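could you look at this predicted model? Sequence included:
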Number of protein chains: 2
Amino acid sequence: MTKTSQPELTPKSDVPQVLRTSLPSGPATIRDVARESGVSIGTVSNVFNNSTDSIRPETRDRVVEAARRLRYRPNGVARGLVQRRTQTLGILFHAGSAMAVSDPYTSAILHGILQGCVPKGYSTLLYPKSFSNGQYDLNQLADGRADGLLVVAPGRDDTAASALTALGVPVVVVSARQEPKDGILSVDVDNERGGYLATQYLLSLGHRRIAHLSGDPRQRSAYDREAGFRAAMAAEGVAVEEAFVIPCGYHGGEACEPTNRLLRLPHPPTAIFCANDNLAIGVLLAAREAEVSVPEKLSIIGFDDAPAAALITPPLTTIRQPLSEIGRRAAESLIEKIELRSEERKSASEADGIAATLPVVLDPTLVVRGSTAAPLSA
Amino acid sequence: MTKTSQPELTPKSDVPQVLRTSLPSGPATIRDVARESGVSIGTVSNVFNNSTDSIRPETRDRVVEAARRLRYRPNGVARGLVQRRTQTLGILFHAGSAMAVSDPYTSAILHGILQGCVPKGYSTLLYPKSFSNGQYDLNQLADGRADGLLVVAPGRDDTAASALTALGVPVVVVSARQEPKDGILSVDVDNERGGYLATQYLLSLGHRRIAHLSGDPRQRSAYDREAGFRAAMAAEGVAVEEAFVIPCGYHGGEACEPTNRLLRLPHPPTAIFCANDNLAIGVLLAAREAEVSVPEKLSIIGFDDAPAAALITPPLTTIRQPLSEIGRRAAESLIEKIELRSEERKSASEADGIAATLPVVLDPTLVVRGSTAAPLSA
DNA sequence: CTTGACGATTGAAACGTTTCAAAGTACAGT
DNA sequence: ACTGTACTTTGAAACGTTTCAATCGTCAAG
């Protein structure tokens, strides 16, 4: 480090040029652009990001031009490392053989999530629970490649959301209500109200012998929908025939056997409220098979308003969930949470107490189509 | 830089300890684990990755234990930076209002992609083309956060795949055939053969007045399916009535008006081959509206075998595309390409000539259901 | 006692950015 | 000529890993 008193006409030339022999080794880096345009690395960085910093127009042009020549594109990974932010949301979802992204339910939520992410400039990283064993690797989920996680439709015993939260990763649960005390934000439809609406509608048509095929007992939604069913029955003073309440799941195949059983009963139900559209379609198919006409002899109502519901004959009366709104709201909430937290980090406020968090609960709506009618006997 | 000749008994203590005051600032790093377990950073790294390096069992235990205590999880972003690999595939796909991830077509492909990625330990980054303007930002796509890109169903004028390739990013095109000379690998169904199969089947039923609603002219698949249609007609020596070949698109709504037009013709077609199931369903609905019975007075055949095809009444005869296999094969090919390239990098072989690349073309299959029958007149 | 060899560990140099205090520069005001 | 101010630019320190040449012990062989 000897200071030369002579004016440095070629100030760069005494810097050891060994650093980089400009081999075409991989994409150009910010360093290449800096050298090419004769400015410092920091300036190049400012040109690309810091619209607040003032840069001489001529300098800016020179840098931009050099970047263009070198086909420079900023490396997002490096940026992510220094900023400790990747502008990415992780999505943890079921991907077994039955429930996958190709499932209309999951994909509608995903669509909503995307709608929430894209406008805010966030990308989306998919974490399908392993196809084979349904497992996930917490370390991978929380490895810093996503700024936060959306946990889609976790079962009641699924610990992912709380484990992630404990690790300090922002989390929002999508499509499964959390208790306020858990301190985990969730966005879901009001399942109980949905069950209530469906049942109330059947009652209003005059049905009294109403069956319920309930959903996957591992999901809280199944309980809530059943609770809505029971509440509506009770409100109308109609006793629930326990043999009519059959635990199933959310897959269409699970509806067949119970339907046959119900239809063969001496006093079969005149209507069936199914915990989702898959089941309802299963019932429809089974009824068709058994030559029980729908809706004349049997009314069927589903839940979800899946695309197929409108297409099948007769078109299915159902409870619509605003799935893509659920996804969108969840994504927006998570982004808000992430950005709020990174604000907090700059200031030193350390009050991250696990405050009670109210779940966001969206309204379901009744969609009347052709699979429901007044009972014959009425 | 003065050399001390005294033996350094406490070599660590003269290093400025200002570096890190072990504030609980964020997640533990590899450095914390190293300090906690009294080994060097390199050793910790070896414990977690380098199963080939030899580590004393006792040391390993100590490190693992410290990591557990500190809740250490390796930072994937930092790892990605140094390895220049993220084990992630990017997926570029349409996300307009009509074609979205909730579209059964897109989501089936996505499902296949996931099936290809998960077993190889790859994650998946979603790049929906902007909801508003269908645009994408090349710089973002190629910012190093994905090791390669899957371009789903690009239009014929879509330059993303070639632009990305020019940038040195491994690319595989999914569901749109590329010419061998472009040097871009693609995986798609044999659309021409599909069109041929559909038409041949209608011909075999005795139909002669066959219409074709063709797909989105921006997609090559639309041309190929139409070519198959024409080839089958020609093979049977049946002249194509040009008024029966109507350019539409891939959305169901586009089928309604053309169908009505066709049905009002003095000599209407007895069968319609639709470029996809959306159109076929549109035709079905329009025919139902016009009280033209299917399949008695009009046979309809679709393309895709979307989930709704089997559900609608009458169930749709269609050409099945192995969508999830397409996705899976594409993902596997891309991963292979990526890993092959990073092998090459270690050795110095620089022979990355743009060799002609044969597209992978999968077989479609005819699925006969209820929407087709022999024509009445026959 | 010396040498080699081998297994285990270390230390420092990347990886490509952002960030920010500090230094430069130019120019108007005195 | 001197000072203050506003605008630009710089330089170096992170960010949290992996990688790999070099070092350190230890022990068997000579």
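Cool, the structure landed.

burial of the closest residue in space to A:L203 that isn't next to it in sequence, as a residue count?
Spatial nearest neighbour of A:L203, excluding adjacent residues (Cβ to Cβ, 6 or more residues apart in numbering or on different chains): A:E236 at 4.9 Å. The way it works is simple: take the backbone N, C-alpha and C, and place the C-beta from them, glycine included. Close neighbours of A:E236, defined as other Cβ atoms under 10 Å in any protein chain shown, add up to 14.

close enough to count as contact, A:E236 and A:L205?
No. Counting by Cβ atoms under 8 Å, A:E236 stays clear of A:L205, with 11.8 Å between them.

overlap of the contact sets of these two?
Common neighbours of A:E236 and A:L205, counting by Cβ atoms under 8 Å, 6 or more residues apart in numbering or on different chains, are absent.

show me what the longest helix anywhere in chain A is in contact with.
Taking DSSP state H as the criterion, chain A has its longest helix at helix A:323-346. With contact meaning Cβ under 8 Å, 6+ apart, helix A:323-346 is reached by A:85, A:89, A:105, A:108-117, A:120, A:122, A:147-150, A:170-175, A:185, A:187-189, A:304, A:352, A:360, A:362, B:102.

returning to what we had before: tell me the pLDDT of the residue nearest to A:L203.
Listed pLDDT for A:E236 reads 96.

then A:T21?
pLDDT, A:T21: 39.

try A:S97
Reading off the model, A:S97 has pLDDT 72.

what sits against the nearest residue to it once chain neighbours are set aside?
What sits nearest to A:S97 in space, not counting adjacent residues and going by Cβ to Cβ, 6+ apart, is A:F131, at 7.6 Å. Applying Cβ under 8 Å, 6+ apart to A:F131 gives the contacts A:95-97, B:114-115, B:118-119.

report the separation between A:A67 and B:A146.
Using Cβ to Cβ, to the nearest Å, A:A67 is found at 21 Å from B:A146.

neighbour count winner among the two?
B:A146 (28 against 22).

which residue sits closest to the more buried one, ignoring its sequence neighbours?
B:G90 is the one closest to B:A146 (Cβ to Cβ, 6+ apart), at 3.3 Å.

am I right that the one you found is in a helix?
No. Assigned with DSSP: H, G, I helix; E, B strand; the rest coil, B:G90 falls outside any helix and is strand.

next, see if stretch A:255-265 gets close to chain B.
No. Contact of stretch A:255-265 with chain B (Cβ under 8 Å from any Cβ of the partner chain) is absent, the minimum separation being 14.0 Å.

mind listing what's buried in stretch A:38-46?
Under the neighbour-count criterion of 16 or more other Cβ atoms under 10 Å in any protein chain shown, stretch A:38-46 has A:39, A:43-46 buried.

and what of stretch A:135-152?
For stretch A:135-152, by 16+ other Cβ under 10 Å, it's A:136, A:138, A:140-152.

and that stretch, is it in reach of DNA strand C?
No. Stretch A:135-152 is not in contact with DNA strand C by Cβ under 7 Å from any atom of the strand; minimum separation 12.9 Å.

please save the CA atoms from that stretch in PDB.
Extracted C-alpha coordinates of stretch A:135-152, given in PDB (Å, rounded to 0.1, in the frame of the first residue of the first chain):
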ATOM      1  CA  GLN A 135     -44.000 -36.700   5.300                       C
ATOM      2  CA  TYR A 136     -42.200 -33.400   5.100                       C
ATOM      3  CA  ASP A 137     -38.900 -32.300   6.200                       C
ATOM      4  CA  LEU A 138     -39.100 -29.400   8.600                       C
ATOM      5  CA  ASN A 139     -35.500 -28.400   8.000                       C
ATOM      6  CA  GLN A 140     -36.200 -28.200   4.300                       C
ATOM      7  CA  LEU A 141     -39.300 -26.200   4.800                       C
ATOM      8  CA  ALA A 142     -37.500 -23.700   7.000                       C
ATOM      9  CA  ASP A 143     -34.200 -23.500   5.100                       C
ATOM     10  CA  GLY A 144     -34.600 -19.800   4.300                       C
ATOM     11  CA  ARG A 145     -35.600 -20.300   0.700                       C
ATOM     12  CA  ALA A 146     -39.100 -19.200   1.500                       C
ATOM     13  CA  ASP A 147     -39.900 -16.200   3.600                       C
ATOM     14  CA  GLY A 148     -43.000 -17.800   5.000                       C
ATOM     15  CA  LEU A 149     -45.200 -20.900   4.600                       C
ATOM     16  CA  LEU A 150     -48.700 -21.500   3.600                       C
ATOM     17  CA  VAL A 151     -49.900 -24.800   5.100                       C
ATOM     18  CA  VAL A 152     -52.900 -26.000   3.100                       C
END
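
OK, contacts around A:L197?
A:228, A:232, A:319, A:364-366.

what about it? Give its phi and psi, please.
Dihedral pair for A:L197: phi -60, psi -50, per degrees, to the nearest 10.

among the contacts of A:L197, name the buried ones.
A:228, A:232, A:319, A:364, A:366.

dump these to a markdown table, plus distance to DNA strand C, pLDDT and secondary structure.
Listed next are the buried ones among the contacts of A:L197 as a markdown table, based on distance: Cβ to the nearest atom of the strand, whole Å; pLDDT from 0 to 100; DSSP: H, G, I helix; E, B strand; the rest coil:
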| residue | distance to DNA strand C | pLDDT | secondary structure |
| --- | --- | --- | --- |
| A:G228 | 48 | 98 | helix |
| A:A232 | 54 | 98 | helix |
| A:I319 | 46 | 98 | strand |
| A:P364 | 43 | 98 | coil |
| A:L366 | 49 | 98 | strand |
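
switch those over to CSV; also include distance to B:R345.
Formatted as CSV, the buried ones among the contacts of A:L197 follow (distance: Cβ to Cβ, whole Å):
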residue, distance to B:R345
A:G228, 59
A:A232, 65
A:I319, 55
A:P364, 54
A:L366, 60
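
from the buried residues of stretch A:135-152, which land in helices?
Short answer: those in helices (DSSP H) are A:138, A:140-141.

who in the stretch 1-150 of chain A is up against DNA strand D?
A:38-43, A:46, A:53-56, A:58-59, A:78, A:81-82, A:84.

contacts with DNA strand C among those, please.
On the criterion Cβ under 7 Å from any atom of the strand, A:41-42, A:46, A:78, A:81-82 are the entries of those that sit beside DNA strand C.

farthest pair in these?
Within those, A:N46 and A:L81 form the most distant pair, 18.7 Å apart (Cβ to Cβ).

sorry, back to before: nearest to A:T159 among the ones next to DNA strand C among the residues of the stretch 1-150 of chain A next to DNA strand D?
Nearest to A:T159 among these is A:L81, at 29.2 Å by Cβ to Cβ.

which non-adjacent residue is nearest the closest one?
B:V77 is the one closest to A:L81 (Cβ to Cβ, 6+ apart), at 4.9 Å.

you'd agree the one you found is up against A:V82?
No. When contacts are counted by Cβ under 8 Å, B:V77 is not listed as touching A:V82 (9.5 Å).
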